[in-house]
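A.B. asks: Give me the fold of what follows.
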Amino acid sequence: MSIRNLYERYGVDDYYKNHSDEYVNYHGGEVKYLLEKNAERIIDNDTRRVLDLCSGNGEVTKTLLDMEDVCIKRVASDIVGCDPYMNKIYERKLQRRCYPCSFKDIVDGKLDGTYDVIICSFGMHLCDEKMLFNLLSMLKYEHGMKRLVVITPNKKPNIRGVIKYEEKYNRVRLRIYE
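C.D. replies: The predicted structure is shown next:
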């Protein structure tokens, strides 16, 4: 059964409360490919801290940590996760901090830290459109976001802003906003 069908069957909250250990992103290969191919576009010499937003089981963080590229290794110690459902799994697998914040928690000011780059893989399209502007405003103005990387299985979310770069690989899109 697809993740979309599971979300519809249980709801997002109940699915992760009861089935988070079973979660697998079946597009993990595409995510890894897009991150590796675009590493220089995502992380530059000014990048100090990276937030893996909606980090799930840590596939984005693991990909960044596994890259041999010098620019990625330079920030490897400053990558943290954020996921309201799978934060304990992320911490257990990667021995890294993972904030248990939802989009609403971030809007309400419950996320700590500043981040040059925020990467959200397979999560931002789930953000309520009414909350999206406030979420992005908080990430930019309260958390210092200079670059947002959205990896999504569809054209959502509809972010009004300049897309610096976009690439589609199979059914997965990577967009970089500045």
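A.B. asks: What's the local residue count around Thr63?
C.D. replies: Number of residues near Thr63 (other C-beta atoms under 10 Å) recorded here: 21. No exception for glycine: its C-beta is placed from N, CA and C like everyone else's.
A.B. asks: Is it correct that it is in contact with Tyr33?
C.D. replies: No - Thr63 is beyond contact range of Tyr33, at 9.3 Å (criterion: C-beta atoms under 8 Å).
A.B. asks: hey, what's the spatially most central residue of the chain bridged with?
C.D. replies: The chain has Cys120 as the residue nearest its centroid, 2.0 Å off, counting by C-alpha atoms, centre = their mean. Taking DSSP bridges, one obtains Leu53, Val150 as the residues bridged to Cys120.
A.B. asks: Just the pLDDT at it, thanks.
C.D. replies: Per-residue confidence (pLDDT) for Cys120: 95.
A.B. asks: With Tyr169 instead?
C.D. replies: On the pLDDT scale, Tyr169 is placed at 93.
A.B. asks: bridging residues for it?
C.D. replies: Counting by DSSP bridges, Tyr169 is bridged to Val172.
A.B. asks: contacting residues for it?
C.D. replies: Taking C-beta atoms under 8 Å, 6 or more residues apart in numbering, we find Tyr169 in contact with 30, 33-34.
A.B. asks: For Leu34, give its distance to Ile159.
C.D. replies: Separation of Leu34 from Ile159 (C-beta to C-beta, to the nearest Å) stands at 17 Å.
A.B. asks: I'd assumed Val31 was in a helix, is it?
C.D. replies: Yes - looking at Val31 with DSSP: H, G, I helix; E, B strand; the rest coil, it is inside a helix.
A.B. asks: Surely it and Val172 touch.
C.D. replies: Yes - if you go by C-beta under 8 Å, Val31 and Val172 touch, sitting 6.5 Å apart.
A.B. asks: Which neighbours do these two have in common?
C.D. replies: Residues touching both Val31 and Val172 (C-beta under 8 Å, 6+ apart) are Ile151.
A.B. asks: Leu34 and Ile159 - which one has more neighbours?
C.D. replies: Just comparing Leu34 and Ile159: by other C-beta under 10 Å the higher neighbour count belongs to Leu34, 23 against 16.
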